[in-house]
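Trainee: I need the structure of the sequence given here:
(2 chains)
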Amino acid sequence: MSDGITRGTFLRGAAIGGLALAGTSPAHATRGRRPRKPEVPLYDLEIHEAAELIRSRRISCVDLAQAVLDRSAAVEERVITFALAYPGAEVLAQAQALDRLLRRGRYLGPLHGIPIGLKDIIFTAGKPTEGNSVVYKGFVPGFDATHVAALKQAGANIVGKTHTIELASGDPAPTNNPWDIARQPGGSSSGSGSGTAAGQFLAGIGTDTRGSIRGPSANCGLTGYRTTYGMVSKFGVFPLSYTIDNVGPLARSALDAATIADVIGGQDPNDPTTRPVARYQLVRAVRKATGSKPLRGVTVGVPAPDDYFSGVPNDDELAAFSDAVEVIAGLGARVVKVTTNALPAPFTTLASMTTPIVNIEVGAFQYRNWLTRAEDFTLPYRRQVNNGNLLPANAYVQAQQARAMWNEQFLAMFDDVDVFMHAVDNIAGLKPPGTNPPLPRSSSGSKSSPWSLTGSPSIAVPTGLSPTEKMPLSMLVNAAAGDDEIALRVVHAFQQATTHHRLRPEL
Amino acid sequence: MPITAEEAEALAQAIGDARGLRAGQLPTGSQFAQGLNGLEQCAGFIETVGQDRAPFPLTKYVPVPVVELAHGHDR
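Mentor: All right, here's what the predicted structure looks like:
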């Protein structure tokens, strides 16, 4: 807030109709009151804040849609979020339709009128879905992915398809990091991260195999939620590794992430890997984190010295994580050091499991294309497909068997703790031809793939800005598969006590 | 002994020749080696886990040396 008015003050004011909002017309924003100088751009709001304003008719869906369209007009050239930005007239027409529903007394829920961006490997009926790949150039699905249909039914206003690393694992997207356009946004859900951070929509939907939601979320200062495996249907999403792939939100808070997960989660007959849960009610659980000690009774594990998860070569990340642990303890949680069994002998790297699994599953998916037009894939993606189609079958079987047994050993830590959190090295690296002294920083999260193998909920959480580079810092909060509620509750309590997640890039 | 990238590249080339694959369909030596060495590590890890913690039957057969009975031994 530029003039010292807090977001909470703004919302309380807005709720009684007293404050004008950037990007809104006075008629919509200040019913019965004199317009005042805009205080908070609508495109910067969290979903639950915007939803309250829409539900109470303080702003219209058109106001919000116009705000993000104007914002995109101002920043897209620098950020390059969209593979396909939907025409403004179409986005506004959808907003008008949603406003008409409101006038008739039909409120569809907390995503009513909320602008959302979709990673361009997610099928959208009648809209190109190309995945940044020559092979799928011009592909127009005839149906919406299951979770897209759920978003639309809940009133979300889809504003476009966002750039991705080729098919989630190939050549980088052209996207830039809104915090510093010379830097990478991370991937593979690059545009869903950049667009949410830049205010081009209020949340993005991404996919995560080895860290593709959490990496760009960390790089862009967002709350990135890899849901428990099988919570969200993957029907209508280009697969990379169907036994690891995950669909989830890149959002501005745990509450927003839970709001989206409640809408898109649930069993889908078209995806047999979904869990037998009809509807999730994560928001209700998250909101239970109230009072001065909202984490009383919760045990939080952190890496013991020399543990696999303590090895993050970045002092800024470690310092921010240390501060975050203090906050968590102050909220009533019992914090214990844990020595994990992440890398048991004879493993020297967990890639021994992930590489065969991911390569062979993507190789199987692309088998026909590989036979006829392998050279149309970019080299990083093609090499994985090639590897998958040449490795012996027992490489896959042994990797999946080892994964099941490793899971049981590794996850035994959750007999003693409710969640386990650790720092990651995610300060966004410079894009070529820039160099990254002193560290060759990756574009997506270090130490994130173990939580992919376990199918755990794993949430990237902003922990501040690096003192020198002024780039977002992040940690991961993880739990056993199915324990999303407690992971989100811890993150929500942390975000109620801190303001890191409210920082926005200056563009 | 882990397979080297050079050995893996030669193996990939031989498989490619046998299957009539193009050069563009072959993995790099280092990638193929990572997959093959991963297989070894996964197999080694599985051997460290007992049946009571395995989610599938770990049927094992460990060959024992065959001892030639002494000629004329009275059974």
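Trainee: so what's A:T349 up against?
Mentor: Contacts for A:T349 (C-beta atoms under 8 Å, 6 or more residues apart in numbering or on different chains) come out as A:L343. In this view, the C-beta of every residue, glycine as well, is placed from N, C-alpha and C.
Trainee: Confirm that it sits in a helix.
Mentor: No. Secondary structure assignment (DSSP: H, G, I helix; E, B strand; the rest coil) places A:T349 in coil, not in a helix.
Trainee: May I see the buried residues of stretch A:106-125?
Mentor: Going by neighbour count (16 or more other C-beta atoms under 10 Å in any protein chain shown), the buried part of stretch A:106-125 is A:107-108, A:110-124.
Trainee: distance of the closest residue to A:R214 other than its chain neighbours from chain B?
Mentor: Leaving out its chain neighbours, the residue that sits closest to A:R214 by C-beta to C-beta, 6 or more residues apart in numbering or on different chains is A:A460, at 4.0 Å. Applying C-beta to the nearest C-beta, to the nearest Å, the value for A:A460 to chain B is 26 Å.
Trainee: For A:A460, name its beta-bridge partners.
Mentor: Per DSSP bridges, residues listed as beta-bridge partners of A:A460: A:G224, A:L476.
Trainee: mind listing what it touches?
Mentor: For A:A460, the residues meeting the contact criterion (C-beta under 8 Å, 6+ apart) are A:213-215, A:217-218, A:222-225, A:424, A:426, A:445, A:474-476.
Trainee: Please apply the same query to A:K119.
Mentor: Listed by C-beta under 8 Å, 6+ apart, the contact partners of A:K119 are A:161-162, A:164, A:188-189, A:191-192, A:204-207.
Trainee: any chance of the residues you listed in a markdown table, plus secondary structure, neighbour count and pLDDT?
Mentor: Formatted as a markdown table, the entries for the contacts of A:K119 read as follows, by DSSP: H, G, I helix; E, B strand; the rest coil; neighbours: other C-beta atoms under 10 Å in any protein chain shown; pLDDT from 0 to 100:
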| residue | secondary structure | neighbour count | pLDDT |
| --- | --- | --- | --- |
| A:K161 | strand | 26 | 98 |
| A:T162 | strand | 33 | 98 |
| A:T164 | coil | 32 | 95 |
| A:S188 | coil | 34 | 91 |
| A:S189 | coil | 40 | 95 |
| A:G191 | helix | 35 | 97 |
| A:S192 | helix | 39 | 98 |
| A:G204 | strand | 33 | 98 |
| A:I205 | strand | 30 | 98 |
| A:G206 | strand | 36 | 98 |
| A:T207 | strand | 25 | 97 |
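Trainee: now, which of those residues sits nearest chain B?
Mentor: The shortest separation between chain B and any of the contacts of A:K119 is 18.4 Å, and it belongs to A:S188 (by C-beta to the nearest C-beta).
Trainee: Please name the nearest non-neighbouring residue to that closest one.
Mentor: In space, A:S188 comes closest to A:I165 once its chain neighbours are excluded; the distance is 3.6 Å by C-beta to C-beta, 6+ apart.
Trainee: low-confidence ranges in the chain?
Mentor: Since you didn't name a chain, this refers to chain A. Applying pLDDT under 70 to chain A flags residues A:1-38, A:313, A:434-446.
Trainee: should've been chain B
Mentor: Filtered on pLDDT under 70, chain B yields the residue ranges B:70-75.
Trainee: So in it, which helix runs the longest?
Mentor: The single longest helix within chain B, with elements called by DSSP state H, is helix B:29-48.
Trainee: contacts for that helix?
Mentor: By C-beta under 8 Å, 6+ apart, the residues outside helix B:29-48 that reach it are A:344-348, A:351-353, A:355-356, A:359, A:383-384, A:386-387, A:390-392, A:394-395, A:398-399, A:401-402, A:405-406, B:2-12, B:27, B:54, B:58.
Trainee: From the centroid of the chain, which residue is nearest?
Mentor: Using chain A. Closest residue to the average C-alpha location of chain A: A:L250 at 2.3 Å, with C-alpha atoms, centre = their mean.
Trainee: Residues of chain B that sit close to chain A?
Mentor: On the criterion C-beta under 8 Å from any C-beta of the partner chain, chain A has as its neighbours in chain B the residues B:12, B:15-16, B:22, B:24-28, B:31-32, B:34-39, B:41-46, B:48-49, B:53-56.
Trainee: And what about A:I158, helix, strand or coil?
Mentor: Local secondary structure at A:I158 is given as strand here, using three-state DSSP.
Trainee: Which strand residues bridge it?
Mentor: Beta-bridge pairing of A:I158 under DSSP bridges involves A:I116.
Trainee: show me what contacts it?
Mentor: For A:I158, the contacting residues are A:86, A:94, A:115-118, A:124, A:148, A:151-152, taking C-beta under 8 Å, 6+ apart as the criterion.
Trainee: ok, of the residues you listed, which one's closest to A:V40?
Mentor: Within the contacts of A:I158, proximity to A:V40 (C-beta to C-beta) peaks at A:P115, which comes in at 15.9 Å.
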